[in-house]
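# Give me a model of this one.
(2 chains)
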Protein chains: 2
Amino acid sequence: MPVIPLNSANDSRLEPYRDVKDRDLTGRQGLFMAEGKVVLERLFASPLCETVSVLTTPARLEGLSVSDDVLVYLVEQAVMDQVAGFPIHRGYLALGRYAPPRTLGDILARAGRLRILALSAIANTDNMGGLMRNAAAFGVDAVVLDAACCDPLYRKAIRVSVGGALVVPHYRLNAGESLLDVLSTHNLIAYALSPTGDMVLDQVVPAERSAFLLGAEGPGLSCEILDAAISVQIPMHGGFDSLNVATTSGIVLYHLCR
Amino acid sequence: MPVIPLNSANDSRLEPYRDVKDRDLTGRQGLFMAEGKVVLERLFASPLCETVSVLTTPARLEGLSVSDDVLVYLVEQAVMDQVAGFPIHRGYLALGRYAPPRTLGDILARAGRLRILALSAIANTDNMGGLMRNAAAFGVDAVVLDAACCDPLYRKAIRVSVGGALVVPHYRLNAGESLLDVLSTHNLIAYALSPTGDMVLDQVVPAERSAFLLGAEGPGLSCEILDAAISVQIPMHGGFDSLNVATTSGIVLYHLCR
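Model prediction:
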């Protein structure tokens, strides 16, 4: 790997790493910022992503296995913090590019068993991170997002996902495209989670080609989705009527995605 | 309910509501701060807690069912924000006192079926909130915390728990007291969750008196606990080796606490 020591926080090569939090708000148009050793290792290993460059300190470089074609910038911790705009306790940042080799159509057109996680209006990055973490842990084939979801490649979502967002392919629909239409076009049976679902989770024997739909906490999924899909509930105790959406995905995927 | 309009942020009766975030760091010695309508409703209904007073705005009062013996202070939103030290978007605060009617000994000495969640070194308030939310959703009888856990009654933990922290009794051990000793003294079978557990979750048929042990993400449970308990893993996919601890509790409790 080409290792380039840099001394000044003003070096133009550090531009992508500048004011990291401000850019989190707007996204990076296909690029993303990964942080921390475990997440960087998932980035390096991911067939869905390319690593554009890495930023770390001389002391931390030794602990990292970077492939030969990745550019590594080395700076002192103080310069790293100054460039990023906040203390990078994890000591590693990387700029990546999300470049999945296949389209959603390619994945859905595949014959045989499919397990899809379909998300509607998940706007909270912590929840998105938790959902992607569970999608990776239980091996879903792809995550489909409607246009109202936040980006799984926001830095915080990647961090909360422990890199899961970099290893499970995700595809965003355009505004106006319907999750249900996309799923039914490809012969996927849609199971929609809701506290008022008709079936309880234990009764569900998932179809060979299944999609599990989750909506934001509070509003939940739309009536249109709940009416058209097989609605499923997780029975709860003592008047509690909702779980965190990432926790819900963990329970559902543990059950139905194996 | 006695309703007392107050005009000044300096009124001494607002003292418990002052600089809420600073006090979050140190705790309130048996008192706690609840926020938001849903959480306040759980507080009012909880047999484990007393409501000392409520702080809200005239406009919001109408939406709240408060019992006749609770003191309600009414202020304008700007005064509320000034006193609390940050914007109270949820519009409701309440000061409560945690006062469970029974001790851990009373609960554990009960004959017959028991489902206990036992937590070691859970220091993250988000995770603690998620754990208490799931404990409530799946009806565990009590949560036992070792001395290294954070307080489930921190404001943020209560909020993340959606009030679950106010309805499931929890008991903290003293430094030096052992979770395993307390559980075995009361004839509870301990199941310890770990990515390297000997059994897989599906194989577990929980004993009539069961305790489920979870540790902090990263370090996990101590070797001492894993050796002495029945260690259990949740099988995962593609090299992922850990789930969020709150998500883990959701999967485990859904399975074993019904």
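# Stretch A:135-150 and chain B, any residue contact?
Yes. Residues of stretch A:135-150 contacting chain B under Cβ under 8 Å from any Cβ of the partner chain: A:136, A:137, A:138, A:139. From N, CA and C alone the C-beta is placed, and that goes for glycine too.
# list the buried ones in that stretch?
Neighbour-count burial for stretch A:135-150 flags A:135-146, A:149-150 (criterion: 16 or more other Cβ atoms under 10 Å in any protein chain shown).
# Ok, stretch A:57-72 next?
By neighbour count on 16+ other Cβ under 10 Å, the buried set for stretch A:57-72 is A:57, A:60, A:61, A:64, A:66, A:70, A:71, A:72.
# Which residues does the one helix or strand in chain A whose mean pLDDT sits lowest contact?
Ranking every helix and strand in chain A by mean pLDDT, DSSP states H and E puts helix A:20-24 at the bottom, with a mean of 80. Outside helix A:20-24, the residues that touch it by Cβ atoms under 8 Å, 6 or more residues apart in numbering or on different chains are A:33, A:84, A:85, A:86, A:93, A:154, A:155, A:156.
# Kindly export it (C-alpha atoms) in CSV.
Output of helix A:20-24 as CSV, limited to C-alpha atoms (Å, rounded to 0.1, in the frame of the first residue of the first chain):
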residue,chain,number,x,y,z
VAL,A,20,-17.0,14.8,8.7
LYS,A,21,-20.2,15.5,10.7
ASP,A,22,-21.4,18.3,8.4
ARG,A,23,-21.2,15.9,5.4
ASP,A,24,-23.1,13.3,7.3
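# So in that sheet, which strands flank whatever helix or strand comes next after that helix, and in what orientation?
Downstream of helix A:20-24, the next assigned helix or strand under DSSP states H and E is strand A:31-35. Looking at strand A:31-35 with DSSP bridges, its partner strands are strand A:92-98 (antiparallel).
# end to end, how far does stretch A:157-166 reach?
This stretch, stretch A:157-166, spans 10 Å end to end (Cα to Cα, to the nearest Å).
# what does that stretch contact?
Residues outside stretch A:157-166 that contact it (Cβ under 8 Å, 6+ apart) are A:32-36, A:38-39, A:41-43, A:46, A:48-49, A:96, A:98, A:125-126, A:128-137, A:150-153, B:240, B:242.
# For residue A:87, list the residues it contacts.
residue A:81.
# Repeat that for the one 5 residues further on.
Contacts here follow Cβ under 8 Å, 6+ apart; on that basis residue A:92 touches A:35, A:36, A:37, A:40, A:54, A:55, A:56, A:60, A:64.
# Pairing-wise in the sheet, spell out the partners of it.
Here residue A:92, judged by DSSP bridges, has bridge partners residue A:56.
# where's it relative to residue A:32, distance?
Residue A:92 sits 14 Å away from residue A:32, going by Cβ to Cβ, to the nearest Å.
# ranges for the strands of the stretch 51-200 of chain A?
Using DSSP state E, counting those that start in this stretch, the strands found in the stretch 51-200 of chain A span residues A:71-74, A:92-98, A:114-120, A:142-145, A:170-172, A:189-193, A:199-200.
# Just send the ones you listed back as CSV, with distance to residue B:104 too.
Shown next, in CSV, are the strands of the stretch 51-200 of chain A (distance: least, Cβ to Cβ, whole Å):
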stretch, distance to residue B:104
strand A:71-74, 53
strand A:92-98, 43
strand A:114-120, 39
strand A:142-145, 42
strand A:170-172, 45
strand A:189-193, 35
strand A:199-200, 32
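# Residue A:187 reaches residue A:209, doesn't it?
Yes. Under the criterion of Cβ atoms under 8 Å, residue A:187 makes contact with residue A:209 at 5.7 Å.
# More neighbours: the two, which one.
The residue with more neighbours, out of residue A:187 and residue A:209, is residue A:209; 19 against 13, by other Cβ atoms under 10 Å in any protein chain shown.
# That one bridge partners, please.
Applying DSSP bridges, one finds that residue A:209 bridges with residue A:114.
# Contacts made by the strand or helix carrying residue A:50 with the rest, please.
In this assignment (DSSP H and E), residue A:50 forms part of strand A:49-56. The contact list for strand A:49-56, computed with Cβ under 8 Å, 6+ apart, reads A:14, A:16-17, A:31, A:40, A:43-44, A:64, A:66-67, A:70-75, A:80, A:83, A:91-99, A:166.
# could you give the angle of that strand to strand A:31-35?
If you take axes from the mean of the first three to the mean of the last three Cα atoms, to 10 degrees, strand A:49-56 sits at 50 degrees to strand A:31-35.
# ok, back up a step: would JSON lines of the buried residues of stretch A:135-150 with pLDDT be doable?
As requested, the buried residues of stretch A:135-150 are exported to JSON lines (pLDDT from 0 to 100):
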{"residue": "A:135", "pLDDT": "97"}
{"residue": "A:136", "pLDDT": "96"}
{"residue": "A:137", "pLDDT": "96"}
{"residue": "A:138", "pLDDT": "97"}
{"residue": "A:139", "pLDDT": "95"}
{"residue": "A:140", "pLDDT": "96"}
{"residue": "A:141", "pLDDT": "96"}
{"residue": "A:142", "pLDDT": "96"}
{"residue": "A:143", "pLDDT": "98"}
{"residue": "A:144", "pLDDT": "97"}
{"residue": "A:145", "pLDDT": "97"}
{"residue": "A:146", "pLDDT": "96"}
{"residue": "A:149", "pLDDT": "96"}
{"residue": "A:150", "pLDDT": "94"}
